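**Student:** A structural model of the following input is requested.
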Amino acid sequence: MVNPSQAPADPSHASPRAPRMHGGWLARGVEGRFSVYVPRDGEVLRWTEGPDRRFDGPAVLGGGGLLPFLAAAQGPDRYVHLIGLRHTGTAAESGEPHVELVHSVQFQTGRPNVEWKSIGHSNGKAEWCGNPALAVDGQGRAHVFVRNRGGGVSARVQKDAGGWHPWWDLKGGRTDRNPVAAVNGAGLVELYTSSDRGLLRYAQAEPGARPVVEPLVQTSVVPGTLTAVTGASGQVTAYYVDGSGRICAWSPGRGLPPTPFASAAGTGPLTAGRCLIDGYDCTLLAQCDGQGGAALAAYLTEREDTGLYWTPSGPPVLGPPTLTADAGGAAVVAALAADGGVIVTRQTAEPGLALEPWKRLCAVRGGQPPVAGDFFAEAGISASSRIAFHSREALGS
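**Tutor:** Numbering: from 1, shown residues only. Alright, predicted model coming up:
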């Protein structure tokens, strides 16, 4: 039976509902301009940054009845791969709708995407079992992972010459409905998930190989909170909330066992990215706090011993912001405000981690976005924020 709190909402439902979005739905193209992708009304909308750093749009990328879920990821070629979910019918025995996974890709910033194509479901005709995770390896091949009907993980991977390999059953049981995929410094894909007994990693031995599950690491994990980012060492670090409300880091490649190093800002999903702060490589984490606002925190990459401190930023949001960086390493952040509007901000040139006033992107095709700060002045919220961060000098190292 589908868990209503985790299943994507039916787009035909009259009441608004927050979409679930995984991965890099704020994406930087090869020329340095950003695009924002959001599922809405059965389609994907895209806003595109112009040379003046103002966003045009939204443009409609189609989808033909997509559920309000989207996974996005880029490879070294900066192509943007998109994975959505779509209804295909209804199961006679349970009355639950069947779903399929669909894929599209955008090759150039601001240009049309290719037609959405079905890649099916690991169980053939199947009800919703979980939300897909997406990663693009060092050769530009999309890897799609999804929880299957048996509670394990299945994967489908693009072939070198086009098309897709058949679905692979990667085994496992009682896994999280929201796994997280990442690519390490060698261009190999890793999948992170959890069960009621602990953490699991599926890793590739060589490019294009079937990911293999490693022994379970017993620990307490709050389902649906996992995120992951690749650090300067080329190793992936996964983050999650444990049963005691702590942020924990786990990096098998670095030999780091599950390690609590900060209190969580809330109870929901985490997101992670990297940026430069005062010239230092830093990891940026985000989570919704108890009031429904976005909380951000930064620390020196792969230095969990330094801890981190949360700072609220912006208005109430529907989910944690997506985090990335521009070509110069400055943080760029996007989120959905409580009314569904897209809001963005980016790091300023000031010392430390200071963010520009948040900007709300126009929701009407052909319209002009409001001036930065107007939205927050109306909402009574500060237009800018400074995120707490301890530099290497402050730490004495």
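**Student:** Residue 185 and residue 232: what is the separation?
**Tutor:** 9 Å (C-beta to C-beta, to the nearest Å). All C-beta atoms are positioned from the backbone trio N, CA, C, and that covers glycine.
**Student:** One more: residue 266?
**Tutor:** 28 Å.
**Student:** Next: residue 282.
**Tutor:** 10 Å.
**Student:** anything in contact with each of these two?
**Tutor:** Shared contacts of residue 282 and residue 232, defined by C-beta atoms under 8 Å, 6 or more residues apart in numbering, comprise residue 301.
**Student:** between the two, who's got more neighbours?
**Tutor:** residue 282 (24 against 12; other C-beta atoms under 10 Å).
**Student:** what are the phi and psi values for the more buried one?
**Tutor:** Taking degrees, to the nearest 10, you get phi -130, psi 150 for the backbone angles of residue 282.
**Student:** So what touches stretch 112-124?
**Tutor:** 61-64, 80, 82, 84, 86, 98-107, 129, 144, 146, 148-149, 154, 156, 164, 167, 169.
**Student:** Please pick the buried ones from the residues you listed.
**Tutor:** By neighbour count, with 16 or more other C-beta atoms under 10 Å, these hold 61, 63, 80, 82, 84, 86, 98-106, 129, 144, 146, 148, 154, 156, 164, 167 as buried.
**Student:** quick one: the helices in the stretch 201-350 of the chain?
**Tutor:** Assigned helices in the stretch 201-350 of the chain: none (criterion: DSSP state H, counting those that start in this stretch).
**Student:** where are the low-confidence patches of the chain?
**Tutor:** 1-17, 91-94, 364-384, 388, 390-397 (pLDDT under 70).
**Student:** Tell me which residues touch the residue nearest to residue 259 when sequence neighbours are not counted, please.
**Tutor:** Sequence neighbours aside, residue 249 is the residue nearest to residue 259 in space, at 5.2 Å (criterion: C-beta to C-beta, 6 or more residues apart in numbering). For residue 249, the contacting residues are 237, 238, 239, 256, 258, 259, 261, 304, by C-beta under 8 Å, 6+ apart.
**Student:** and if we set it to 6 Å?
**Tutor:** Shown in contact with residue 249 (C-beta atoms under 6 Å, 6 or more residues apart in numbering): 237, 239, 259, 304.
**Student:** Can you name the residues bridging to the first one?
**Tutor:** Right, the one you point to is residue 237. residue 229 (DSSP bridges).
**Student:** I figured it hits residue 251, correct?
**Tutor:** Yes. Using C-beta atoms under 6 Å, residue 237 is in contact with residue 251, at 4.2 Å.
**Student:** Which one of these two is surrounded by more residues?
**Tutor:** Neighbours per residue, other C-beta under 10 Å: of residue 237 and residue 251, the larger number sits with residue 237, 25 against 22.
**Student:** any idea how far residue 163 is from that one?
**Tutor:** 33 Å.
**Student:** buried residues in stretch 316-333?
**Tutor:** 316-326, 330-333.
**Student:** Now flag whichever of the residues you listed is closest to residue 245.
**Tutor:** residue 320 (16.0 Å; C-beta to C-beta).
**Student:** Go ahead and confirm the closest one touches residue 289.
**Tutor:** No. Between residue 320 and residue 289 there is no contact under C-beta under 6 Å: 9.9 Å.
**Student:** who are the neighbours in contact with residue 62?
**Tutor:** By C-beta under 6 Å, 6+ apart, the neighbours of residue 62 are 43, 116.
**Student:** start the count at 453, not 1, going forward
**Tutor:** From this message on, residue numbering opens at 453, which makes the last subject residue 514.
**Student:** Now do the SS call for it.
**Tutor:** coil (DSSP: H, G, I helix; E, B strand; the rest coil).
**Student:** ok, it to residue 717 distance?
**Tutor:** For residue 514, the distance to residue 717 - C-beta to C-beta - is 36 Å.
**Student:** For the stretch 703-849 of the chain, which segments count as strands?
**Tutor:** 708-715, 722-729, 732-740, 745-752, 763-768, 774-777, 783-788, 794-798, 805-807, 811-812, 837-839 (DSSP state E, counting those that start in this stretch).
**Student:** what would those strands look like in TSV with distance to residue 577?
**Tutor:** Converted to TSV, the strands of the stretch 703-849 of the chain look like this (distance: least, C-beta to C-beta, whole Å):
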stretch	distance to residue 577
strand 708-715	38
strand 722-729	33
strand 732-740	35
strand 745-752	39
strand 763-768	39
strand 774-777	32
strand 783-788	32
strand 794-798	35
strand 805-807	46
strand 811-812	41
strand 837-839	47
